[in-house]
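J.: what follows is a predicted structure for the sequence shown.
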Amino acid sequence: DYLSFESGQQLHTDINQPVNLAVSDPSSFGFLQPDPAGIIVNGGHLSVGEGQRLGLVGGDITIIGNNIAPAADTGITPADTSIPANLGALSGQIELVSVNSSGEAVMSHDGMDTSSFDAMGTIIMANQAMATASGNAAGSIVVRGGELVMVQSYIYANAYGADDGTPSNGIDINLRGDMTMEYLSVIGTDVVGHASDSGGVNIIADNVLINNGSDIESAVWNESSNGSSGNIDITSNSISVSNYGFIQTYTGTNSLGSGGGINLTTGQLNLLDGGQINSLGYSLYGTTGDINITAENILLSGTNIGTTDTSINALSASQITYDVADININTDTLNIDQAFIASKTYSPQGGDITVSATSIEIQGTETINAGIQTNNSYAGRGGSITLNADDQLTVTEHGLIQSNTTYSGSSGDININTGNLEV
């Protein structure tokens, strides 16, 4: 209903209000009605100049891409066009803010304050819809709403070119409801070429679902010569990664930058049917970040796919550093069923796996192993495994706890502390 400026003036949509135009920057978006009107982007391209801000602030926001790749069985109708829906702010900032009550969205340099709203709205991106603040320097993307639904859609804040500028704030998503990613959707902050650091991904939501090949990533790609990728931080009541969905950081071969870490804080973590959490350092020079998980309960289950692809993985190939990725898990219960937690190294020192829990259960089948494993494929020392299970540690039916070496180096230690061990 009105737009406020830093000068203190306001521009109202009500024609009965006086017209006050200003040359200063906008400072806030005001909504006087309890049901703000929605915003629909039905195909097409909407962009601003390099380093500028593009904001969609209103009721429910729907961004629908082309009709060439309809979102199967989602109930979302594709746009009546063959043109993808693309929001662009080259090395700038994009804000997607959906509200569902009266209030005022206050702008800041790095985000949007929506605390005055009693209810937030829904943001839907589908059918190859994309919001990108990528450029020579990575821009940033801010998402505020009740729910975010992504179906075969993409949110990027990548650094591509020769730019030594200030690192961006990456992608910042703060929701009062759920976040759902389906059908190969991607949220990514990557570094390519001689570029500055990317800002990583920060997500706060009620429940997070990453399904059907969807991916949250922060990567330094092959031959990148400068920047490092940021962390992936997710705080949620539950996180479910399923059907070959991924949460992962990555450093490519010969890249000089370092990969970010993964930090998950949740009540329930489910990795199902090929779902993976990975910190993968293929670079001979850069480092990779740790995987840190704090959850009340954790389930890794590959029972419906017949493989051990369901996993938490850390890998390091760096030849010049001992700073490799560790896996640190704190939980009440950890259940591994036809799945793996694994650390593999081609480096002088392997990453460690540490689990602190009340109970740990590892279960495989006659044809599929399951377990916790470190592997050394170099002349150095493999990572160690430390399991602290206050009440119970159970390993059954081709389950394993294993540290091995396949080269001239040594394997790591295995340390088990538990009230009761059943094998």
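T.: It's in. Residues are numbered from 1 along each chain as shown.

J.: can you give me the strands in the stretch 151-300 of the chain?
T.: For the stretch 151-300 of the chain, the strands defined by DSSP state E, counting those that start in this stretch cover 154-156, 170-175, 179-182, 186-188, 201-211, 215-220, 232-242, 246-251, 262-272, 276-281, 291-301.

J.: show me where pLDDT drops low in the stretch 101-250 of the chain?
T.: 110, 161-168, 193-198, 222-227 (pLDDT under 70).

J.: how does it look with 50?
T.: Under the criterion pLDDT under 50, no range of the stretch 101-250 of the chain is flagged.

J.: quick one: contacts for residue 302?
T.: For residue 302, the contacting residues are 272, 273, 274, 308, 309, 310, 337, 338, 339, 368, by Cβ atoms under 8 Å, 6 or more residues apart in numbering. For glycine as for every other residue, the C-beta is placed from the backbone atoms N, C-alpha and C.

J.: which of these has the most neighbours?
T.: For the contacts of residue 302, the largest neighbour count, defined by other Cβ atoms under 10 Å, is 32 neighbours, found at residue 339.

J.: ok, and what's touching the host helix or strand of residue 416?
T.: Here residue 416 sits within strand 414-418, counting by DSSP states H and E. For strand 414-418, the external contacting residues (Cβ under 8 Å, 6+ apart) are 360, 384-393, 401-403.

J.: now that strand: how far from the chain's centre is it?
T.: 32 Å (Cα atoms, centre = their mean, to the nearest Å).

J.: list the buried residues in that strand.
T.: By 16 or more other Cβ atoms under 10 Å, the buried positions in strand 414-418 come out as residue 418.

J.: partners of that strand, with directions?
T.: Take DSSP bridges as the rule and strand 414-418 pairs in its sheet with strand 385-396 (parallel).

J.: quick one: buried residues of the strand it pairs with?
T.: Buried residues in strand 385-396 (16+ other Cβ under 10 Å): 385, 386, 387, 388, 389, 392, 393, 394, 395.

J.: quick check: the gap between the fifth one and residue 119.
T.: What it means is residue 389. 43 Å (Cβ to Cβ, to the nearest Å).

J.: for residue 355, give me its contacts.
T.: Residue 355 makes contacts with 329, 331, 334, 341, 372, 386, 387, 388, 389, as judged by Cβ under 8 Å, 6+ apart.

J.: tell me which element it falls in.
T.: Going by DSSP H and E, residue 355 is in strand 353-363.

J.: center of this protein - which residue?
T.: Ranked by distance to the mean C-alpha position of the chain (Cα atoms, centre = their mean), the top residue is residue 216 at 3.5 Å.

J.: beta partners of that residue?
T.: Beta bridges link residue 216 to residue 187, residue 247 when assigned by DSSP bridges.

J.: hmm, it is touching residue 187, no?
T.: Yes. If you go by Cβ atoms under 8 Å, residue 216 and residue 187 touch, sitting 4.8 Å apart.

J.: common neighbours of those two, please.
T.: Common neighbours of residue 216 and residue 187 (criterion: Cβ under 8 Å, 6+ apart): 181, 201.

J.: for residue 94, what are its contacts?
T.: 53, 54, 55, 87, 88, 131, 132, 133, 139, 140, 141, 142.

J.: I'd guessed residue 87 sits against residue 63; true?
T.: Yes. Between residue 87 and residue 63 there is a contact under Cβ under 8 Å: 7.0 Å.

J.: of these two, which one has the most company?
T.: residue 63 (26 against 23).

J.: wait, doesn't the more buried one sit right on residue 153?
T.: Yes. Counting by Cβ under 8 Å, residue 63 touches residue 153, with 7.5 Å between them.

J.: shared neighbours, the two?
T.: Common neighbours of residue 63 and residue 153 are listed as 125, 126, 129 (criterion: Cβ under 8 Å, 6+ apart).

J.: now these in a markdown table, with neighbour count and distance to residue 111?
T.: Below are these laid out as a markdown table (neighbours: other Cβ atoms under 10 Å; distance: Cβ to Cβ, whole Å):
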| residue | neighbour count | distance to residue 111 |
| --- | --- | --- |
| 125 | 29 | 19 |
| 126 | 27 | 25 |
| 129 | 26 | 22 |
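
J.: and of these, the nearest to residue 170?
T.: residue 125 (17.9 Å; Cβ to Cβ).

J.: ok, the closest one - contacts?
T.: By Cβ under 8 Å, 6+ apart, residue 125 lies in contact with 63, 85, 131, 148, 149, 150, 151, 153, 155, 185.

J.: can you check residue 149 too?
T.: Residue 149 touches 122, 123, 124, 125, 126, 180, 182, counting by Cβ under 8 Å, 6+ apart.

J.: could you export the shared contacts of residue 63 and residue 153 to JSON lines, including columns for secondary structure and distance to residue 354?
T.: Below are these laid out as JSON lines (DSSP: H, G, I helix; E, B strand; the rest coil; distance: Cβ to Cβ, whole Å):
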{"residue": "125", "secondary structure": "strand", "distance to residue 354": "38"}
{"residue": "126", "secondary structure": "strand", "distance to residue 354": "40"}
{"residue": "129", "secondary structure": "coil", "distance to residue 354": "40"}
